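**Q** I need the structure of the sequence given here:
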Amino acid sequence: MSLSVTNHTLEKLENLLKELGYKVRYEKGNFRTGSCVIETSKMVVVNKFSNLESKIAALAEMAKNIDVEDDNMMSEKFKQFYYSLKQTTLRF
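**A** Purely as a prediction, here's the structure:
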């Protein structure tokens with residue numbers, strides 16, 4: 001599976017992270033990557049000045065690195081997306 005660089009893909013990634021219990025915020029920042037995670041609050045902060053491709057890459061990488069212990073907390077739609085994302089090598 002490859003991820004298309006569209007606003008729809010960005011929304012799907014945001015919604016997947018929300019299903020996993022994370023809050024996604026867009027803020028200005030001087031962090032080098034497209035995003036950072038504040039682990040204790042399960043918050044993902046994305047650099048709002050990044051381009052669409054960078055935002056998608058950052059959220060996809062973040063979602064791939066989350067280990068889901070109980071996938072019953074996700075809807076079937078997002079389970080499929082999550083497991084296909086886990087098997088995807090990101091190339092943009």
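
**Q** secondary structure element for the residue nearest the centre of the chain?
**A** Centrality entry for the chain: nearest residue to the mean C-alpha point is Leu59, 2.8 Å, by C-alpha atoms, centre = their mean. Using DSSP states H and E, Leu59 maps to helix 52-64.

**Q** What confidence value was assigned to the residue nearest to the centre of the chain?
**A** As predicted, Leu59 sits at a pLDDT of 92.

**Q** And Phe81, by the same measure?
**A** 92.

**Q** List the contacts of it.
**A** Counting by C-beta atoms under 8 Å, 6 or more residues apart in numbering, Phe81 makes contact with 12, 16. Every residue, glycine included, has its C-beta placed from N, CA and C.

**Q** Skipping adjacent residues, who's closest to the residue nearest to the centre of the chain in space?
**A** Distances taken as C-beta to C-beta, 6 or more residues apart in numbering place Leu13 nearest to Leu59, at 4.0 Å, with adjacent residues excluded.

**Q** Next one: that neighbour from Gly21, what distance?
**A** Computed as C-beta to C-beta, to the nearest Å, the Leu13 to Gly21 distance reads 15 Å.

**Q** ok, these two, which is more surrounded?
**A** Leu13 (25 against 10; other C-beta atoms under 10 Å).

**Q** Can you pull the phi/psi pair for the more buried one?
**A** phi -70, psi -40 (degrees, to the nearest 10).

**Q** My understanding was that it contacts Ala57; is that so?
**A** No: taking contacts as C-beta atoms under 8 Å, Leu13 lies outside contact range of Ala57: 9.8 Å.
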